[in-house]
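Colleague: Provided below for reference: sequence and predicted model.
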Amino acid sequence: MSGCLDDVRCELPECCEIGEKRNAVASVVAGIFFFVGWWVIIDAAVIYPKQDQMAHAYHTVGVFSTVSFFMVNAVSSGQIRGDSYSSGCIGQTGARIWLFLGFLLGFGALIAACWILFGCYVTHDFAEVYPGVAIFLQNFFIFFGSMIFKFGRTEELWE
């Protein structure tokens, strides 16, 4: 029974094949997710401008998520494998450490956004939960956009 779906093929129609435009499409989609993330938090900050409605310190999580976006996408897959990057201060090992720290920062920002949502807005019975949801959505969209930009592109752009 474990191989019952081995022969099932699911192919995209020709109109959905992006082929050579894969890098451009991935970049645009990642940019849209990044934009939507910041748009959501700016909307929440405009609707709830007072400190008691939405603490201004909560915006720090989005800044860390943005820094993670740039850290993760500053390193190409070729640099991680050691194909296109052999010189420099720390070489391939440095690129791997940089990528790992970028992922840690992104996951940490996403976890912090969850903690703000549930720890500060859901459990304390605030009348409005939208600021917490906006903080979470901002970090989710930025993190998801970072993953699309990192893993949705081909290697020809980096080499």
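Modeller: Good, I have the coordinates.
Colleague: After the one helix or strand in the chain whose mean pLDDT sits lowest, which helix or strand is next?
Modeller: Across the helices and strands of the chain, mean confidence by mean pLDDT, DSSP states H and E is lowest for helix 77-81: a mean of 76. Next helix or strand after helix 77-81 toward the C-terminus (DSSP states H and E): helix 91-116.
Colleague: Figure out how far the helix or strand following that following helix is from the centre of its chain.
Modeller: Next helix or strand after helix 91-116 toward the C-terminus (DSSP H and E): helix 130-151. Distance of helix 130-151 from the chain centroid (CA atoms, centre = their mean, to the nearest Å) equals 5 Å.
Colleague: now for helix 130-151, which elements pack on it?
Modeller: On a contact count with 3 or more CB pairs under 8 Å, 6 or more residues apart in numbering; DSSP states H and E, helix 130-151 meets helix 22-47, helix 59-73, helix 91-116. Yep, even glycine has a C-beta here, placed from its N, CA and C like the rest.
Colleague: Which among these is found nearest to residue 153?
Modeller: Residue 153 lies closest, by CB to CB, to one member of those: helix 22-47, at 4.7 Å.
Colleague: Can you give me the buried ones in the closest one?
Modeller: Buried residues in helix 22-47, counted by 16 or more other CB atoms under 10 Å: 23, 26-27, 30, 33-34, 36-37, 40-41, 44-45.
Colleague: Any idea which of those the model trusts least?
Modeller: Lowest pLDDT of the buried residues of helix 22-47: residue 23, 81.
Colleague: thinking again about what came up before, for the helices and strands packed on helix 130-151, give me CSV that also has distance to residue 7.
Modeller: As requested, the helices and strands packed on helix 130-151 are arranged in CSV below (distance: least, CB to CB, whole Å):
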stretch, distance to residue 7
helix 22-47, 27
helix 59-73, 37
helix 91-116, 36
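Colleague: which one of those helices lies closest to residue 148?
Modeller: helix 22-47 (4.5 Å).
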